[in-house]
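Trainee: curious how this folds, go ahead:
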Amino acid sequence: MKSLFYSRFFILLPWVLIVIIMIDVDTKRSSVRDTAHFYLSRLGSAPRRARTAPAGRNRTAPPVVYAVTPTYSRAVQKAELTRLANTFRQVPHFHWIVVEDAGGRTELVSRFLARCGLAHTHLHVLTPRRFKRTGMPRATEQRNAALGWIRQHRSPRDRGVVFFADDDNTYSLELFEEMRSTQRVAVWPVGLVGGRRYERPLVEKGKVVGWYTGWRADRPFAIDMAGFAVNLQVILSNPRAVFKRRGAKPGMQESDFLKQITKVEDLEPKAHNCTRVLVWHTRTEKVNLGNEPKRHQDSVHIEV
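Mentor: Below is the predicted model of the structure:
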């Protein structure tokens, strides 16, 4: 019996080993296929995860603040832009549109923006010589160039607010959070303007009913350029709304523009019903360079 058992055992043993080997090979192949499928699926999904929504299109993110800053070449230009950049870097979801009054992008501003650490767009448009006379409105072409860029590069899917941030103002960080909730056109006080400590919209029961101002209170919108912000969609839905040249007068550009997109009764008071100043028209003291041509010039060129 033992000899019969051993003879059958040794006959079956090779077949048993063959079956075990085949099962093991098949298991390894399945494991390799599963592993390969896992990594290939990860690689295949990577591009989809990388396609994040452009700034302002994410419905859960705050609206983007688009700050439009006209600028021109002068002794304090870089100092003014540096002060603004130091403030703007602290504002989340922010896009700076800098528009030079020049025939091309200057090296000074180009270098500055490249190092400023802000999402930005650098534009340029030259103000015609006939509009550079005393008494003519300033920065009209530059602000309109920024509006044109916004309308060309943003769509109804984007969320944002447009603010005209001149480079001779000082801004509180609170101001940007106030304006971010603008539904159509928001307004607030501006300090050190119009020959007064401040100017502001007068508010009753949450509505603007008039203006506290030191100059031309009869203006439809007696407000400084730094005293309002406009929802991005209002800019896009009013493609013909621009800052006017024909018939425009100094100090009237704000009214001329706002008349095209809103009414006084529809304005949204911010800054505690327009009782807090969060932006100041500080300007920079006029620089005295009287000794520049009188003294020996430095042999090294230093950008100021």
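
Trainee: what residue ranges in the stretch 51-200 of the chain score low on pLDDT?
Mentor: Applying pLDDT under 70 to the stretch 51-200 of the chain picks out residues 51-56.

Trainee: swap the cut-off to 80 and go again
Mentor: Along the stretch 51-200 of the chain, segments meeting pLDDT under 80 span 51-59.

Trainee: could you pull out the strands for it?
Mentor: 64-71, 94-100, 120-124, 160-164, 170-171, 185-187, 190-193, 196-204 (DSSP state E, counting those that start in this stretch).

Trainee: for these, give me JSON lines that also has mean neighbour count.
Mentor: Where C-beta positions appear, they are placed from N, C-alpha and C, glycine not excepted. Output for the strands of the stretch 51-200 of the chain, formatted as JSON lines (neighbours: other CB atoms under 10 Å):
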{"stretch": "strand 64-71", "mean neighbour count": "26"}
{"stretch": "strand 94-100", "mean neighbour count": "23"}
{"stretch": "strand 120-124", "mean neighbour count": "17"}
{"stretch": "strand 160-164", "mean neighbour count": "25"}
{"stretch": "strand 170-171", "mean neighbour count": "18"}
{"stretch": "strand 185-187", "mean neighbour count": "23"}
{"stretch": "strand 190-193", "mean neighbour count": "22"}
{"stretch": "strand 196-204", "mean neighbour count": "18"}
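
Trainee: to Met136, which of those lies closest?
Mentor: Closest approach to Met136 among the strands of the stretch 51-200 of the chain is made by strand 64-71 (14.1 Å; CB to CB).

Trainee: just give me the residue right at the centre of this structure.
Mentor: Nearest residue to the geometric centre of the chain (CA atoms, centre = their mean): His95, 1.8 Å.

Trainee: from what I can see it touches His122, true?
Mentor: No. Using CB atoms under 8 Å, His95 makes no contact with His122, being 11.8 Å away.

Trainee: now the strands of the stretch 51-200 of the chain in a markdown table, with distance to Leu84?
Mentor: Supplementary listing: the strands of the stretch 51-200 of the chain in a markdown table, determined by distance: least, CB to CB, whole Å:
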| stretch | distance to Leu84 |
| --- | --- |
| strand 64-71 | 7 |
| strand 94-100 | 8 |
| strand 120-124 | 11 |
| strand 160-164 | 12 |
| strand 170-171 | 8 |
| strand 185-187 | 20 |
| strand 190-193 | 16 |
| strand 196-204 | 21 |
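
Trainee: for Val209, give me its contacts.
Mentor: Leu202, Val203 (CB atoms under 8 Å, 6 or more residues apart in numbering).

Trainee: how about 10 Å then?
Mentor: Pro201, Leu202, Val203, Val264, Glu265 (CB atoms under 10 Å, 6 or more residues apart in numbering).

Trainee: repeat that for Leu118.
Mentor: Going by CB under 10 Å, 6+ apart, Leu118 touches Ala67, Leu84, Ala85, Phe88, Arg89, Val91, Phe94, His95, Trp96, Val98.

Trainee: returning to that earlier point: max pairwise distance over the contacts of Val209: which two?
Mentor: Distance extremes for these: the farthest pair is Leu202 and Glu265 at 12.7 Å, using CB to CB.

Trainee: which ones are touching the residue nearest to Ala79 when sequence neighbours are not counted?
Mentor: Distances taken as CB to CB, 6 or more residues apart in numbering put Thr284 closest to Ala79, at 6.8 Å, once the chain neighbours are dropped. If a contact means CB under 10 Å, 6+ apart, then Thr284 has Arg74, Ala75, Val76, Gln77, Ala79, Glu80, Arg83, Asp167, Asp168 as its contacts.

Trainee: ok, the last one to Glu178 distance?
Mentor: From Asp168 over to Glu178 the distance is 21 Å, taken as CB to CB, to the nearest Å.

Trainee: between these two, which has more neighbouring residues?
Mentor: Glu178 (18 against 14; other CB atoms under 10 Å).
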